[in-house]
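>>> predicted coordinates and the sequence they were generated for:
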Amino acid sequence: QVQLVESGGGLVQTGNSLSLSCAASGGTFSGYTLAWFRHVPGKEREFVAGIRFIEGQPGYSDSVKDRFIISRDKAKSTIYLHMNNLKPEDTAVYYCAAGRNWLNRNEGWYESWGQGTQITVSS
C-alpha cells in the first residue's frame, strides 16, 4: 500500500521561498506520476506540479510554472516542491499524490494521497 508523508510548509512572507518534501513508500513507483495538488476551502483541489517518478519528466500548472520547481530523488523515494516568489494566492493546503498516469492533472487519476500541509503566504 502506497503511503505518502509530506513535510515542510508553514508561514512565509510574499516573495520568499519555501520547499516541501513528500516521502513515498509501499511501491517502486514505476509507471507512476507523483504530484502536488493544493486546496483552498470553497474551491476545487488544483493540480500544481507533477513528475514522472522514473523518467523524471515534470509538468506544471500555468500559475506556478515560472516559480515552482518539482524534483525527485529516486534513491530516497522522495519528491520535492521548491516554491519561489510566493504570492498570497499560493496560500492553501498542499497535498502529495501518487497515481499510475502520465502527468495527468485530474485528481481522479491519483490513488494515494498524503495528509496535506498548510502553506500561508502573508502580504
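Ah, there it is. Note that the structure is predicted; figures quoted are calculated from it, not measured. Numbering: from 1, shown residues only.
>>> hey, what's the residue nearest in space to the middle of the chain bridged with?
Note on the chain: the residue nearest the mean C-alpha position is Trp36, at 1.9 Å, using Cα atoms, centre = their mean. Beta-bridge pairing for Trp36 (DSSP bridges): Ala49, Cys96.
>>> that one: what's it in contact with?
With contact set as Cβ atoms under 8 Å, 6 or more residues apart in numbering, Trp36 has these partners: 20, 22, 47-50, 70, 79, 81, 94-97. Any C-beta I mention is one placed from the backbone N, CA and C, and that applies to glycine too.
>>> and which of those residues is nearest to Gly116?
Of all the contacts of Trp36, Tyr95 has the smallest distance to Gly116: 4.8 Å, by Cβ to Cβ.
>>> any idea how far Ser30 is from the closest one?
Tyr95 sits at a distance of 22 Å from Ser30 (criterion: Cβ to Cβ, to the nearest Å).
>>> neighbour count: these two, which is higher?
Comparing Tyr95 with Ser30 by other Cβ atoms under 10 Å, the one with more neighbours is Tyr95, at 23 against 9.
>>> gap between the more buried one and Ile119?
Look at Tyr95 and Ile119: by Cβ to Cβ, they are 11 Å apart.
>>> common neighbours of those two, please.
Arg38.
>>> count of neighbours near the nearest residue to Ser25 once chain neighbours are set aside?
Using Cβ to Cβ, 6 or more residues apart in numbering and skipping the chain neighbours, the partner closest in space to Ser25 is Gln3 (5.0 Å). Counted with other Cβ under 10 Å, the neighbours of Gln3 add up to 13.
>>> so Gln3 sits right up against Gly26, yeah?
Yes - assessed by Cβ atoms under 8 Å, Gln3 is found in contact with Gly26 at 5.2 Å.
>>> switch the contacts of Trp36 over to JSON lines; also include distance to Arg105.
Converted to JSON lines, these look like this (distance: Cβ to Cβ, whole Å):
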{"residue": "Leu20", "distance to Arg105": "18"}
{"residue": "Cys22", "distance to Arg105": "17"}
{"residue": "Phe47", "distance to Arg105": "4"}
{"residue": "Val48", "distance to Arg105": "9"}
{"residue": "Ala49", "distance to Arg105": "10"}
{"residue": "Gly50", "distance to Arg105": "7"}
{"residue": "Ile70", "distance to Arg105": "13"}
{"residue": "Ile79", "distance to Arg105": "16"}
{"residue": "Leu81", "distance to Arg105": "15"}
{"residue": "Tyr94", "distance to Arg105": "15"}
{"residue": "Tyr95", "distance to Arg105": "14"}
{"residue": "Cys96", "distance to Arg105": "15"}
{"residue": "Ala97", "distance to Arg105": "11"}
